[in-house]
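Asker: Could you work out the structure for the sequence below:
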Amino acid sequence: MLHELVKYAETHGLDIEPGFQAKPVWWCLSFGANGSYNAVIPMTPDGKPKTLSRCPHFQGTSNKANISDFIVSTAEVVALYPPHSKGKDHASRKHSAYTKLLRDSASAYPVLAVIADQLDDEGVLQKINTDLGTIKKPGVRPTHRLTIEVDGRFLHEVLDIQNWWRHKHRELAGVQEPKRESGQRMRSLISGQLVEVALTHAPRIRGLSDEGRRDNALASFNSPAFTSYGLKQSANAAMSESEAAAYCTALNHMIEHSSVSLAGPVAVYWFKDRVEQDDNLFFLLENGDETEELQALRRARDLFASVQTGKRPDLGGNRFYSMILSGGNSRVTVREWMEGQFVDLVRNVIDWFDSLSITSSGGSDVARTPGIERIVECLLPLRKERQKYLDWVRPVGHERISLWRSALGGRPVPFSVLSRVVRHTQLDWTSGEYDRALHPQPSQDPRNTRIVISALHARMGLLKAYHMRLNRSHGKDPDMNAALNEDHPHPAYHCGRLLQILARLQYEALDRKLVTGLVQRYYGSASTTPALVFGRMLHIAQHHVAKLVGSDSKKGLGVWFEKTIAEISTRINEFPRTLSLEEQSLFALGYYQQMATRKSDTNQDTTEAANG
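Answerer: Numbers count the residues shown, from 1 in each chain. Down below sits the predicted model:
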């Protein structure tokens, strides 16, 4: 795993020099050629961060209270934003360390001494804070990074400043890091060569916990229980400083550029040989634009045919790699590692989307296929108002990993996933939460700003995928279509269809008045013990049909209901006494797909009838 990460850093030309690191930067403080402060400038027109390469970065292991990043640092450190009260608090100490580094570097670039004086001047700081505070959208946060430009030139790009920082960083690291024992050379876990051991691995991994605000380490040994044979710190995972920097930089690069959110943890991915963006099938697993999704699926099918027929030999022998990562307590946890042939990835991702395809609730077309994050979220109850996103998704647990395996590896959907979906679907239909589950809502994950699919569509697609893959694994016909399957062999499916028709019948017989209908009253018992309740509902239905048939305006509608109920009943033959969890999921699919089917004979709105 680490070996492949180092190869990724090499093939992508990532900067792994100790003391430098690519960083996302939001804002720039502009100074004139004489060092006088001018203004705050956003790094991009829309106020989003821009990743700058080769930013100076301290990578020592000491308590950094009196050591600050150089040139590029947070608004809190550079400008004491928002304004802090006077005193020796943490931000003031970091600010003093920051301006001290600027003065020290004036030997290489004299104007830095003037800028340091400006940043220590209360009047200038007040003006900078005012300028930062007037930015309304997206607004400046204390943790947003700032950089500095002088006369239109970014200081971190100046070679004289870079050379000065190289010497300063080695000096700081040499003072702060524990001294290595004489002759401490070990065999590298990555290269197999004898190397001088890096006692700490840097840079740390960003964006994996607390909504991206905390950095974590993949390899750390700060307790005697984690060490062995008297080795100190990361000598327990021996590698050189450059190798450690390579795998850490590779992970940070992938988290930013090639990752998929799994509602909390993050799945990063890459390929043995570089793949063009148009051939990257992981794109389909995100919550993308509908047009982009359809185009990508068409390309995926063409790509699969090309690889199979030998027209793309560059991809035939390629491999993919994937890791699921999460962060907490300053450490990275690797929750899953997957690798395989590129052609298998293409086939499995196409099959994943085919398995999830489901008709929309309106019945006019196939619903948007949900991204993997929305699939994970649909295993949860609908989010409560003001509930924090990470608190909401935390109970998902191991199912998110199982779903990732299903998507990439073509494996069956786990039974535990089915259990969650059936339970929450039943609750939504019986508790009046149906409308919220039906309508698409934007993701509440601050890292995801794209449109997502409704929870109901995602859940029904997942139930369909479960049964298709289960039947296929047993060598049976999948028996599942995106739309209604009137010839489905199982009575539980038709019980669900029948409940939907009876609910629609009640709605029409009561002149479309909003009352507590059959769905809210009987869905739970009908989906678990059909024989107990369907006799009673069919008896009531006879009165509703008679009312419609006796009406001049709705006689044809009453005849259609009578005919449809009889047709579905013949497929059930005998109502089951009880339904297992798998059969309850077939009930839910039958109900949903019947609801989504628009019958021209009725000329009625299916969605309204379903809520009757």
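
Asker: Every contact and neighbour count from this point should use C-alpha atoms.
Answerer: Noted.

Asker: who's in contact with the residue nearest the centre of the chain?
Answerer: In the chain, the residue lying closest to the centroid (Cα atoms, centre = their mean) is residue 261, at 1.6 Å. Applying Cα atoms under 8 Å, 6 or more residues apart in numbering, we find residue 261 in contact with 267, 286, 372-373.

Asker: taking those one by one, which sit in strands?
Answerer: Judged by DSSP state E, the subset of the contacts of residue 261 located in strands is residue 267.

Asker: ok, so of the contacts of residue 261, who is nearest residue 325?
Answerer: Proximity of the contacts of residue 261 to residue 325 (Cα to Cα) peaks at residue 267, which lies at 6.2 Å.

Asker: Distance of that closest one relative to residue 49?
Answerer: 22 Å (Cα to Cα, to the nearest Å).

Asker: More neighbours: these two, which one.
Answerer: Higher neighbour count among residue 267 and residue 49: residue 267, with 23 against 18, using other Cα atoms under 10 Å.

Asker: give the contact list for the more buried one.
Answerer: Contact analysis of residue 267 by Cα under 8 Å, 6+ apart lists 259-261, 322-325.

Asker: and what of residue 105?
Answerer: For residue 105, the contact set (Cα under 8 Å, 6+ apart) comprises 112-113, 161, 164-165.

Asker: for it, helix, strand, or coil?
Answerer: helix (DSSP: H, G, I helix; E, B strand; the rest coil).

Asker: just checking, residue 332 is part of a helix?
Answerer: No: using three-state DSSP, the assignment for residue 332 is strand, not a helix.

Asker: Where do the helices of the stretch 401-550 of the chain begin and end?
Answerer: For the stretch 401-550 of the chain, helices defined by DSSP state H, counting those that start in this stretch occupy the ranges 415-431, 434-438, 455-473, 491-509, 518-526, 530-549.

Asker: Any idea what the residue nearest to the centre of the chain is bridged to?
Answerer: Going by DSSP bridges, residue 261 is paired in beta bridges with residue 266.

Asker: and it, how far is that from residue 253?
Answerer: Distance of residue 261 to residue 253, computed by Cα to Cα: 15 Å.

Asker: Check residue 520 too.
Answerer: With the distance defined as Cα to Cα, residue 520 ends up 49 Å from residue 253.

Asker: okay, now residue 490: neighbour count?
Answerer: Neighbour tally, residue 490, other Cα under 10 Å: 14.

Asker: Oops, could you answer that again for residue 171 instead?
Answerer: Residue 171: 11 surrounding residues under other Cα under 10 Å.

Asker: Would you mind naming the helix or strand containing it?
Answerer: Per DSSP states H and E, residue 171 falls inside helix 159-176.

Asker: downstream neighbour of that helix in the secondary structure list?
Answerer: Using DSSP H and E, the next helix or strand after helix 159-176 towards the C-terminus is strand 185-187.

Asker: Go through that following strand and flag the buried ones.
Answerer: The neighbour-count check on strand 185-187 (16 or more other Cα atoms under 10 Å) flags 185-187 as buried.

Asker: Tell me the helices and strands packed up against it.
Answerer: Counting contacts by 3 or more Cα pairs under 8 Å, 6 or more residues apart in numbering; DSSP states H and E, strand 185-187 packs against strand 194-196.

Asker: picking that back up, any idea which of the helices of the stretch 401-550 of the chain scores lowest on pLDDT?
Answerer: When those are compared on mean pLDDT, helix 434-438 scores lowest, with a mean of 66.

Asker: Summarise which helices and strands the helix or strand hosting residue 130 is packed against.
Answerer: According to DSSP H and E, residue 130 maps onto helix 122-133. Counting contacts by 3+ Cα pairs under 8 Å, 6+ apart, helix 122-133 packs against strand 37-42, helix 75-79, helix 111-120.

Asker: Packed most tightly, which of those would that be?
Answerer: The highest mean neighbour count among these, using mean count of other Cα atoms under 10 Å, belongs to helix 75-79: a mean of 25.

Asker: now that helix: mean pLDDT?
Answerer: Rounded mean pLDDT across helix 75-79 is 91.

Asker: and the protein, what are its domains?
Answerer: 15-176, 185-257, 259-324+334-473, 491-610 (automatic domain parsing).

Asker: Can you give me the end-to-end span of the third one?
Answerer: Length of domain 259-324+334-473, first residue to last, Cα to Cα: 30 Å.

Asker: Tell me which helix or strand the closest residue in space to residue 548 that isn't next to it in sequence sits in.
Answerer: Spatial nearest neighbour of residue 548, chain neighbours left out: residue 558 (4.8 Å); criterion: Cα to Cα, 6 or more residues apart in numbering. According to DSSP H and E, residue 558 maps onto helix 555-572.

Asker: Show me which parts of that helix are buried, residue by residue.
Answerer: With burial defined by 16+ other Cα under 10 Å, the residues of helix 555-572 counted as buried are 556-558, 560-562, 565, 568-569, 571-572.

Asker: same deal with stretch 121-135?
Answerer: Buried residues in stretch 121-135 (16+ other Cα under 10 Å): 124-126, 128-129, 132.

Asker: for the protein, what are the low-confidence residue spans?
Answerer: Under the criterion pLDDT under 70, the flagged ranges of the chain are 59-68, 84-88, 173-184, 209-214, 225, 287-294, 364, 432-453, 513-516, 598-612.

Asker: can you give me the helices in the stretch 151-300 of the chain?
Answerer: Assigned by DSSP H, counting those that start in this stretch, the stretch 151-300 of the chain shows helices spanning 159-176, 241-257, 290-308.

Asker: Pick the most deeply packed of those helices.
Answerer: Among the helices of the stretch 151-300 of the chain, helix 241-257 has the highest mean neighbour count (mean count of other Cα under 10 Å), at a mean of 22.

Asker: Can you list the helices and strands that that helix packs against?
Answerer: Packing contacts for helix 241-257, counted by 3+ Cα pairs under 8 Å, 6+ apart, involve helix 2-11, strand 266-271.

Asker: Which among these is found nearest to residue 155?
Answerer: helix 2-11 (25.5 Å).

Asker: so how far is that closest one from its chain's centroid?
Answerer: Taking Cα atoms, centre = their mean, to the nearest Å, the mean C-alpha location of helix 2-11 is offset from the chain mean by 24 Å.
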